[in-house]
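Undergrad: when you get a sec, could you give me coordinates for this:
(one chain, ligands or ions: 1)
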Amino acid sequence: MQPFDLKTPKSLDEAIAELPAERSYTAPQILAGGQDILTVMKDDIAAPEALVEIGGLGLSGIEMSDGGDLRIGATTTIQEIADHAGIQASFPAIAEAAKSIASPQIRSQATLGGNLHQKPRCPYYRHSAVNCIKKGGSVCLAEFGFNKYAAILGGGPSYFSHPSDMAVALIAMGASVEIQGPSGTRTEKLGDYYVGPEVSVETETKLKANEVATRITVPAPAKGSVSTYYKFKERASYDFALSAAGIHLLVEGGTIKYASVVLGGVAPKPWHSPEAEKALVGQPMKAETWTAAGEAAVADAAPLDMNGYKVHLVKGVLFRALESLA
Ligand SMILES: Cc1cc2nc3c(=O)[nH]c(=O)nc-3n(C[C@H](O)[C@H](O)[C@H](O)COP(=O)(O)OP(=O)(O)OC[C@H]3O[C@@H](n4cnc5c(N)ncnc54)[C@H](O)[C@@H]3O)c2cc1C
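TA: Below you'll find the predicted structure:
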């Protein structure tokens, strides 16, 4: 790892002023819990000349309004989210996603903002000797190489699968992200915030280099609606998702009235599945419907040599998640 300066700004404006207008290999970056950025630096994906610490800027905390809307500050830890009684009761998908992440030690240090902006885990991208397409090279080595963990949906020209569990659950619940930069504050629907490699191959979100995500907001779920996050991992201990689903449903009189379905571990961004939602809405809450939703979700899947198993996994994950909500 290269030496770097540690900047400890006293305000968000000072932090933003320390950030660069453009990204580069050596440009300063944000430091939150450090669980990803330090590994990125050790893997020589980036060698920022400075890290800008945002931990002491008052961006932490969880609030629920009287109406049931949720606000989570960007530097709130994943463990705080997993442990929050209000989130467990009203937004189970979000609490379950948080609980599924890494180990207790990592969860107590890792922040929500860092989880949403972590870099992909593709072994080619993470290898310091490989200049893959995400690092300015010309090809994605996973496409015809080792692609067991790669994307089956939305891949190309890069085929990594997005690593964030929190993003999947939050998008299923209709979350938005508040962003602050030199020209003020803006809010984006989290579902529109992630971009696929066909739009931007080196970055995964619309965040500019000199912007900070400050808060995530989630609207109160409709009365009577239910949600869950179901994750399949290769190992029983902590691991990233091979396939996961964030689901938010409203079922009335045994019929599905509303469905939000987002898949994780199978695409270069959290994968919203309108196809699965269409197969659910208006249908009875029963096994045939869940099977149809799984089939619809992977109808456009394009597996690579080593990851055809994910097509079957998505169907199983969706079935189990929907079954658990029944
Ligand atoms: C062993 C291990 C297992 C893991 N397992 C999982 C898992 O199962 N599921 C999962 O989802 N994740 C997993 N992770 C990833 C982990 O959750 C993230 O590394 C962590 O959440 C990053 O948060 P952080 O606060 O440490 O971020 P940092 O490492 O400090 O930052 C990460 C990135 O986000 C940027 N950033 C941080 N905060 C902001 C902000 N507010 N606005 C804009 N950009 C920001 C930083 O500049 C950096 O690029 C695992 C990590 C490890 C090491």
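Undergrad: which helices and strands does the biggest strand by length in the chain pack with?
TA: Identified as the longest strand of the chain according to DSSP state E is strand 241-252. Contacts defined by 3 or more CB pairs under 8 Å, 6 or more residues apart in numbering; DSSP states H and E place strand 241-252 against helix 92-99, helix 165-172, strand 226-233, strand 255-264, helix 309-325. Where you see a C-beta, it was placed from the backbone N, CA and C, and this is true even at glycine.
Undergrad: now with 6 Å?
TA: helix 165-172, strand 226-233, strand 255-264, helix 309-325 (3 or more CB pairs under 6 Å, 6 or more residues apart in numbering; DSSP states H and E).
Undergrad: quick one, which of these is nearest to the ligand?
TA: Among the helices and strands packed on strand 241-252, helix 165-172 comes nearest to the ligand, with 3.8 Å by CB to the nearest ligand atom.
Undergrad: burial count for the nearest residue to residue 39 once chain neighbours are set aside?
TA: Nearest non-adjacent residue to residue 39, counting by CB to CB, 6 or more residues apart in numbering: residue 126, 8.0 Å away. Residues lying near residue 126 (other CB atoms under 10 Å) number 18.
Undergrad: secondary structure class for residue 126?
TA: Following DSSP: H, G, I helix; E, B strand; the rest coil, we place residue 126 in the coil state.
Undergrad: could you report the distance from it to residue 42?
TA: For residue 126, the distance to residue 42 under the criterion CB to CB, to the nearest Å works out to 10 Å.
Undergrad: just residue 209 next, same as before
TA: Counting by CB to CB, the gap from residue 209 to residue 42 is 21 Å.
Undergrad: of those two, who's got more company?
TA: Between residue 209 and residue 42, residue 209 has the larger neighbour count (other CB under 10 Å), namely 16 against 11.
Undergrad: test my guess that the more buried one contacts residue 24.
TA: No - between residue 209 and residue 24 there is no contact under CB atoms under 6 Å: 8.5 Å.
Undergrad: for the longest strand of the chain, which strands pair with it and how are they oriented?
TA: Strand pairing for strand 241-252, using DSSP bridges, gives strand 226-233 (antiparallel), strand 255-264 (antiparallel).
Undergrad: can I get it in PDB, CA atoms only?
TA: C-alpha atoms of strand 241-252 as PDB (Å, rounded to 0.1, in the frame of the first residue of the first chain):
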ATOM      1  CA  ALA A 241     -24.400 -13.600  -2.000                       C
ATOM      2  CA  LEU A 242     -24.400 -16.100  -4.900                       C
ATOM      3  CA  SER A 243     -28.000 -15.100  -5.300                       C
ATOM      4  CA  ALA A 244     -30.200 -13.100  -3.100                       C
ATOM      5  CA  ALA A 245     -33.700 -11.500  -3.200                       C
ATOM      6  CA  GLY A 246     -35.200  -8.400  -1.500                       C
ATOM      7  CA  ILE A 247     -39.000  -8.700  -1.700                       C
ATOM      8  CA  HIS A 248     -41.800  -6.300  -0.600                       C
ATOM      9  CA  LEU A 249     -45.300  -7.600  -1.000                       C
ATOM     10  CA  LEU A 250     -48.900  -6.600  -0.300                       C
ATOM     11  CA  VAL A 251     -51.200  -9.500  -0.200                       C
ATOM     12  CA  GLU A 252     -55.000  -9.000   0.300                       C
END
